[in-house]
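Undergrad: Below are the sequence and a predicted model for it; my questions follow.
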Amino acid sequence: ATWAGEAAPRAARPSPRHADPCAYRSSSALSRFAFLSMGAACIACSRYGQRALLSRLCCSWPEPCNVLIIGSSVACGWSAGGRQGWAQMLDEALGPQTKVVNEAIPGSDTRIAATALAAALLRWEPKAVVIALSAGNEGLPVTTGEAAAEACADAFLGGLEALVAAAERAGAAVVLGSVYPHGAYKAVHYGAITRVAETMRGWGRPVFDFLTPLDDGAGRWPEALQADPAHPNSEGHRRMFEATRPHWEALRRAAAKGEPNLKRPSKEFIARRRAAPTEPQISAEERAQKEKEKAYRTAYVWSLPRTTTSEELVEFFKTFELNVVNTTLICDRNSGKFTGIGYAEFETQEMHDKAISVSGQLFRGRFPIRLKPSEAEKNFAADTKPAEVAAAAGVAQVYVSQMHEKMSEDDLKELFQSGTRSPHISHPHQGGIQTRGNDRAGQRRGSGGVA
């Protein structure tokens, strides 16, 4: 009655805080303690406790799904009428009893897909995962030479293996979407994606064969199925959807039961994978020698038009009987546009020397191209000269960093002479300690060399 009374003066209304301060503080502390205890208990209960806590706080945590699709723009349905691509058609074909969630991201490669898959596995808890990525987003169309194409294909396969392992660790069955054509593929690219498709079929998981029904025989889209170099049109999406038909029943069964694998790898496949020869391990000296040889075969190229492509650069040098193994075009960090400079790696040292004499020739018939040896040669010479001098004198050099700015040469010499911090160097050479690199204020940067 006092609280509701309109005639009661403001000062006369009772205040629970001032009426019993100790009771208020104790009840508030108990409430905070109870809330924190409940939150800590929920968080400690694995990912299911986290889901329950988030669902209480956000009131929007989704229900688990049956099938999760991880892919790129083609799986999103780009260039299909009404965005009804093969993944959307698959959703309708599986029926309402199978909940399909499409987490495809346009432009996604295996690295982006790994991040998306980790979040989607926690959010949706799928029973089956369809992984359908394009080798084009890994950079395969812009590679030049068989070695570069094969290296890109190996990187793509390695990323797929990591995605499959992550999905199966979460208890989901895995279905793979095979690689598919691209309008910019050349003969070397076609050989690479053919090997990728064969390797994926040997993994013992179901594979949607997107390559065979859409291939023109050279790795490109047929003109009747292409919307642009990277995407099929509506008819192309329909053919990709038809390629999924042989695995519908197995996908429904896995989505309903949550089988860990739709198809177990055979014992022969596992034995072949274990017995597969690995790349020979090379020493650091051999690796450095290979990098040096590569640098000596690489030329610095500039004064190129801003619309130059790697294919044009390779064809230009072919007119002078020069074989280019790899090209690197330098793009602006912010705009992503070509800056007109790059590097060209030639097949042999003789071709590299001959290419330098090509400097001044007209590119596209009107742009004088400029070439010179790469600056890596000077870097190798600068790095090897101090090492050779030190080796001749019988002195070993060690680089030291993260020193305090007030640390002097005497302090550093005393530290190494004590032998307690660096067991590899007990008696440094007299006068061999050099601190280098001062900033604009004249203070030392805290790095130096010990000989």
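TA: Received it, and whenever you're ready, just let me know what you need. A quick note: this is a predicted structure, and the numbers were derived from the prediction, not measured. Numbers count the residues shown, from 1 in each chain.
Undergrad: Could you use CA atoms for every contact and neighbour count after this?
TA: Fine.
Undergrad: Poorly predicted segments of this protein, please.
TA: 1-65, 257-282, 333, 336, 375-397, 405, 417-446 (pLDDT under 70).
Undergrad: Outside of stretch 243-252 itself, list whatever touches it.
TA: 90, 94, 98, 128, 206, 208-210, 213, 262 (C-alpha atoms under 8 Å, 6 or more residues apart in numbering).
Undergrad: Of these, which belong to strands?
TA: Judged by DSSP state E, the contacts of stretch 243-252 include 128, 208 as members of strands.
Undergrad: Kindly write the ChimeraX command that selects the buried subset of the contacts of stretch 243-252.
TA: A single ChimeraX command selects the buried members of those (16 or more other C-alpha atoms under 10 Å):
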select :90,94,98,128,206,208,209,210,262
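Undergrad: Out of the contacts of stretch 243-252, flag the one nearest to Val314.
TA: Phe210 (30.6 Å; C-alpha to C-alpha).
Undergrad: give the contact list for that closest one.
TA: For Phe210, the contact set (C-alpha under 8 Å, 6+ apart) comprises 177-180, 240, 243.
Undergrad: Tell me what Tyr343 is bridged to.
TA: Under DSSP bridges, the beta-bridge partners of Tyr343 are Tyr300, Thr328.
Undergrad: Just list the residues touching it, thanks.
TA: 298-301, 327-329, 374.
Undergrad: For those, pick the one with the most neighbours.
TA: Thr298 (30 neighbours; other C-alpha atoms under 10 Å).
Undergrad: returning to what we had before: of the contacts of stretch 243-252, which is the nearest to Glu198?
TA: Among the contacts of stretch 243-252, and counting by C-alpha to C-alpha, the member closest to Glu198 is Asp209, at 10.3 Å.
Undergrad: rewinding a little: which two of the contacts of stretch 243-252 have the greatest separation?
TA: Pairwise distances across the contacts of stretch 243-252 peak at 26.6 Å for Thr98 and Pro213 (criterion: C-alpha to C-alpha).
Undergrad: How many neighbouring residues does Ala197 have?
TA: Neighbours of Ala197 (other C-alpha under 10 Å): 20.
Undergrad: cool, and the one 10 residues further on?
TA: The criterion is other C-alpha under 10 Å. On that basis, Val207 has 24 neighbouring residues.
Undergrad: And for Thr339?
TA: Neighbourhood size, Thr339 [other C-alpha under 10 Å]: 18.
Undergrad: can you tell me how far it sits from Ala255?
TA: From Thr339 over to Ala255 the distance is 50 Å, taken as C-alpha to C-alpha, to the nearest Å.
Undergrad: Filter the contacts of Phe210 down to just the ones in strands.
TA: Reading strands off the contacts of Phe210 with DSSP E, I get Gly177.
Undergrad: which of the contacts of Phe210 lies closest to Ala120?
TA: Ranked by distance to Ala120 (C-alpha to C-alpha), these are led by Gly177 at 18.0 Å.
Undergrad: Most neighbours of all the contacts of Phe210, which one?
TA: That'd be Tyr180 among the contacts of Phe210, by other C-alpha under 10 Å, with 28 neighbours.
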